[in-house]
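> generate a structure from the sequence data that follows.
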Amino acid sequence: MEIRSLENTSTEELLSVFNTSFSDYIVPFHLSLEQLELKITADKIDTKLSVGAFESEKLAGFILFAEKEKNGKRIVYNAGTGVIQEYRGQGLVRKMYDYRFPLFKERKTDVQILEVIEGNNPAIRAYENLGFKIIRKLLCFNGIVDSKEKDSEIVIKDLETFQWEVLWSFWDVEPSWQSSIPVLEGVLKDCRILGAYKEGQFAGYAIYNPAVRKVYQIAVDKNYRNRGIGTQLFRVIGQMANGQAISANNVDDTSENTSAFLGKTIGLKNWVSQFEMKKELE
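Residues are numbered from 1 along each chain as shown. Alright, predicted model coming up:
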């Protein structure tokens with residue numbers, strides 16, 4: 001078994017192994033080539049940084065890595081790990097991480113993070129053995145938005161320009177990797193950025209990608225909460241989705257108001273939950 005970078009591996013080969021390795025996963029799923037290409041772009045996956053385990057030149061397992069800098073810290077994100085069933089039990093995940101640790105050290109990586117589905121105990125134990133610790137629980141929602149009557153006092157319009165500092169001031173919790181600012185900046189061109197105004201005041205916003213029907217961020221000014229701002233933002237998003245299901249992933253479970261709002265008010269379902277795990281590198 002040879003461990004090496006994925007930089008010379010075709011997306012088609014990666015797709016085949018990705019779908020095979022996740023076909024019997026705790027939450028089975030299947031990606032098209034276009035969806036995998038979108039994931040690589042959206043998650044900022046670096047194929048040179050990513051690694052694969054090869055048996056006689058055939059890909060048997062992989063870890064997709066992405067990297068960003070925030071507040072002076074270099075952060076590496078595991079955007080997906082998969083091993084074909086017949087090669088499991090050989091410690092390939094550890095071998096792939098061991099292969100990459102020297103490079104992480106050379107690049108002065110400060111933090112590694114990943115997400116693992118709640119209930120996937122073998123994977124959780126494997127990551128704990130590598131030094132990762134669970135830091136929070138993230139809830140994933142999807143479903144069709146409940147139709148709401150328009151509130152004429154709340155105006156929703158596209159934001160052509162904005163300042164992250166203003167949007168950031170609405171947050172209660174830090175978003176996960178896929179919804180973080182450095183990652184979103186790469187996909188904003190594909191998104192609708194909606195602003196909500198009440199009595200002429202900017203009161204809330206949502207970042208929504210119509211192509212994948214995904215809400216990356218939604219937040220309301222603390223002074224305007226419980227006044228229908230979020231509901232009206234989702235009303236517009238529901239119209240954009242044209243009756244199809246949307247997703248809002250990785251909601252921090254400590255934000256109980258957000259969870260209740262998405263479930264009871266908007267009508268989405270918490271279909272799966274994940275743990276975010278973190279490892280500090282010395």
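
> can we go C-alpha only for contacts and neighbour counts from here?
Fine.

> do you have the strands of the stretch 51-200 of the chain handy? List them.
Along the stretch 51-200 of the chain, counting by DSSP state E, counting those that start in this stretch, strands occupy 51-55, 58-70, 73-83, 111-117, 133-143, 154-158, 192-198.

> okay if I get these as JSON lines plus mean pLDDT and mean neighbour count?
JSON lines is the format used below for these (pLDDT from 0 to 100; neighbours: other Cα atoms under 10 Å):
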{"stretch": "strand 51-55", "mean pLDDT": "97", "mean neighbour count": "21"}
{"stretch": "strand 58-70", "mean pLDDT": "95", "mean neighbour count": "20"}
{"stretch": "strand 73-83", "mean pLDDT": "95", "mean neighbour count": "19"}
{"stretch": "strand 111-117", "mean pLDDT": "96", "mean neighbour count": "20"}
{"stretch": "strand 133-143", "mean pLDDT": "96", "mean neighbour count": "19"}
{"stretch": "strand 154-158", "mean pLDDT": "96", "mean neighbour count": "18"}
{"stretch": "strand 192-198", "mean pLDDT": "97", "mean neighbour count": "20"}
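
> can you say which of the ones you listed is nearest to Asp24?
strand 73-83 (10.8 Å; Cα to Cα).

> what strands flank that closest one, and is each parallel or antiparallel?
strand 58-70 (antiparallel), strand 111-117 (parallel) (DSSP bridges).

> tell me which of those strands sits nearest to Ile45.
Nearest to Ile45, of the strands paired with strand 73-83 and by Cα to Cα, is strand 58-70 at 4.3 Å.

> next, the angle strand 51-55 makes with that closest one.
Per axes from the mean of the first three to the mean of the last three Cα atoms, to 10 degrees, the angle that strand 58-70 makes with strand 51-55 is 170 degrees.

> which residues touch strand 58-70?
For strand 58-70, contacts defined as Cα atoms under 8 Å, 6 or more residues apart in numbering pick out 13-14, 17, 21, 43-47, 49-54, 74-84, 87, 92-93, 96, 182-183.

> that older thread, turn the strands of the stretch 51-200 of the chain into TSV, including distance to Leu33.
TSV is the format used below for these (distance: least, Cα to Cα, whole Å):
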stretch	distance to Leu33
strand 51-55	18
strand 58-70	16
strand 73-83	16
strand 111-117	22
strand 133-143	22
strand 154-158	31
strand 192-198	24
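
> quick one: closest of the ones you listed to Phe261.
strand 133-143 (11.2 Å).

> just checking, what packs against the closest one?
strand 246-252, strand 269-280 (3 or more Cα pairs under 8 Å, 6 or more residues apart in numbering; DSSP states H and E).

> adjacent strands (with direction) for it?
strand 246-252 (antiparallel), strand 269-280 (antiparallel).

> quick one, which of those strands is nearest to Phe101?
strand 269-280 (11.9 Å).

> now that closest one - C-alpha only, PDB.
Below are the C-alpha coordinates for strand 269-280, written out as PDB (Å, rounded to 0.1, in the frame of the first residue of the first chain):
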ATOM      1  CA  LYS A 269     -36.100  18.700  10.000                       C
ATOM      2  CA  ASN A 270     -32.900  17.900  11.900                       C
ATOM      3  CA  TRP A 271     -32.200  14.900   9.800                       C
ATOM      4  CA  VAL A 272     -28.600  14.200  11.100                       C
ATOM      5  CA  SER A 273     -26.200  15.600  13.600                       C
ATOM      6  CA  GLN A 274     -22.400  15.800  13.600                       C
ATOM      7  CA  PHE A 275     -19.600  16.400  16.100                       C
ATOM      8  CA  GLU A 276     -16.900  18.900  15.200                       C
ATOM      9  CA  MET A 277     -13.500  17.600  16.400                       C
ATOM     10  CA  LYS A 278     -10.300  19.600  16.800                       C
ATOM     11  CA  LYS A 279      -6.700  18.900  17.300                       C
ATOM     12  CA  GLU A 280      -4.100  21.600  18.300                       C
END
